[in-house]
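Colleague: Got a predicted structure here, sequence first:
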Amino acid sequence: MRRSDAGCIRTSGMISYTPKAAKAMAFLKRPYNDIDIFVEDTTNQNMWLELIKKIVPKNIRITSVNRLGGRNSVVNACKMDQRKGLRPKIYIIDGDFDFLAGTAKPRLKFLYRLSAYCVENLLINNQSIVEVGTCARPDMTEADISVRFGFRDWADEIRKAFEPLFVMYAVCRQLCPEVPTISFPVQKLICETRDGPCVSRRKVWRRLFEIARTVRHRCGLSLLRARRQEVANRSSSLELQHVVSGKDYIMPLLHLRLCRLFNFKGTQEQLKVYLAKFWQPSTEPQLTRRIRTLII
């Protein structure tokens, strides 16, 4: 871990900001923003701007968001900023494993937890994918793009392949939080087929058993089984967006599929911006109400 003069901390390649640096960052941007928005992210400024601009009224200035890094950085900055001031502000965190684990949102003023594993999950839907597909293949109709992509079947396959693994990841996060889980690259769980890259069920189950073996050795079989059953029962009532990480697992697969089917040329980060352009605030109505309440 290394702290810079600017008040940021670099850990494992990720930059996060101290609470004091976060407030200073927002203060410097006040001439250009009418609301201070802090998010759990390190990179995609334009994706967030596309989302927020769809929520705020047109007379509200918003030219940037404050990307603080990981979840802990956002929560800690929010803890240090609990006084109500003259300016509206909101701190936004991902859901992460909270839905699988049944964990409540931290009770902090101005803190908002997305109703999905992460913001990328909110971007991934059939209509947005069709819009991106028609941009990549202007010779194809929306109906042709939709049929060829087959969103519902694709999403069902994603869930079948990864839900058991993420149930085990959630158990591992509870019992052995020091063991890496989603940092394991999804690319290592893919195999090449005649139809292009696809998820390898064999590789996924091998990864699942590796995690289960580690937890069993450290915590015992009975505790592993009990916790796994609790999480699995909870998972059965959740939607895909609450269970599997959009950023780390679904988005890379979506990018590969769009490149293969429609010759999409952009990077994953560019794809997020394109998807955000077609995002509908109705998919996250609580965030829309929360922000509009702050600025009215």
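Modeller: Structure's in. What do you need?
Colleague: how far is the one helix or strand Gln174 maps to from where the chain is centred?
Modeller: In this structure, Gln174 is located in helix 151-175 according to DSSP states H and E. Centre-to-centre, helix 151-175 and its host chain are 14 Å apart (C-alpha atoms, centre = their mean, to the nearest Å).
Colleague: Just list the residues touching the residue most central in space within the chain, thanks.
Modeller: Nearest to the mean C-alpha position of the chain, by C-alpha atoms, centre = their mean, lies Cys118 at 2.2 Å. Cys118 makes contact with Asp94, Gly95, Asp96, Ser245, Gly246, Lys247, according to C-beta atoms under 8 Å, 6 or more residues apart in numbering. All C-beta spots, glycine's among them, are computed from the backbone N, C-alpha and C.
Colleague: before we move on, back to that, which parts of the helix holding Gln174 count as buried, going by neighbours?
Modeller: By neighbour count on 16 or more other C-beta atoms under 10 Å, the buried set for helix 151-175 is 151, 154-155, 158-159, 161-175.
Colleague: if we look at that helix, which residues are touching it?
Modeller: With C-beta under 8 Å, 6+ apart, helix 151-175 has contacts from 97, 100-101, 125-126, 129, 179, 181-182, 199, 201, 204-205, 207-208, 211-212, 214-215, 218-219, 223-224, 227-228, 231-232, 235, 240, 243-245, 249-250, 253, 257.
Colleague: mind checking the SS state of the closest residue to Tyr112 other than its chain neighbours?
Modeller: Leaving out its chain neighbours, the residue that sits closest to Tyr112 by C-beta to C-beta, 6 or more residues apart in numbering is Ile92, at 5.1 Å. Following DSSP: H, G, I helix; E, B strand; the rest coil, Ile92 is assigned to strand.
Colleague: and the gap between Ile92 and Leu224?
Modeller: Look at Ile92 and Leu224: by C-beta to C-beta, to the nearest Å, they are 33 Å apart.
Colleague: Which positions are bridged to Asp36 in the beta structure?
Modeller: Lys89 (DSSP bridges).
Colleague: Let me see the contact set for it.
Modeller: With C-beta under 8 Å, 6+ apart, Asp36 has these contacts: Ala26, Lys29, Arg30, Asn66, Arg87, Pro88, Lys89, Ile90.
Colleague: 6 Å - rerun?
Modeller: Counting by C-beta atoms under 6 Å, 6 or more residues apart in numbering, Asp36 touches Ala26, Arg87, Lys89.
Colleague: Model confidence for it, exactly?
Modeller: For Asp36, the pLDDT comes out at 94.
Colleague: One more: Tyr32?
Modeller: Reported pLDDT for Tyr32: 89.
Colleague: Report the mean per-residue pLDDT for stretch 114-130.
Modeller: The model assigns stretch 114-130 a mean pLDDT of 97.
Colleague: What is the end-to-end distance of it?
Modeller: Start-to-end span of stretch 114-130 (C-alpha to C-alpha, to the nearest Å) is 24 Å.
Colleague: Enumerate the strands of the stretch 1-150 of the chain by residue range, in sequence order.
Modeller: 2-3, 8-11, 14-17, 36-39, 66-67, 89-93, 111-113 (DSSP state E, counting those that start in this stretch).
Colleague: Same check on the stretch 151-296 of the chain?
Modeller: Remark: strands assigned in the stretch 151-296 of the chain by DSSP E, counting those that start in this stretch are 190-193, 196-199.
Colleague: Export only the CA atoms of the first one, formatted as PDB.
Modeller: Backbone C-alpha positions of strand 190-193 (Å, rounded to 0.1, in the frame of the first residue of the first chain) are rendered in PDB as follows:
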ATOM      1  CA  ILE A 190     -14.000 -19.800 -21.300                       C
ATOM      2  CA  CYS A 191     -13.400 -22.400 -24.000                       C
ATOM      3  CA  GLU A 192     -13.300 -22.000 -27.800                       C
ATOM      4  CA  THR A 193     -16.100 -23.700 -29.800                       C
END
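Colleague: Parallel or antiparallel, list what pairs with it.
Modeller: Here, using DSSP bridges, strand 190-193 pairs with strand 196-199 (antiparallel).
Colleague: what residues does the strand it pairs with touch?
Modeller: Ala161, Ile190, Leu256, Arg260.
Colleague: Then stretch 245-265?
Modeller: Applying C-beta under 6 Å, 6+ apart, the external contacts of stretch 245-265 come out as 117-118, 120-121, 124, 133, 136-137, 148, 182, 186, 196-197, 244, 268, 271.
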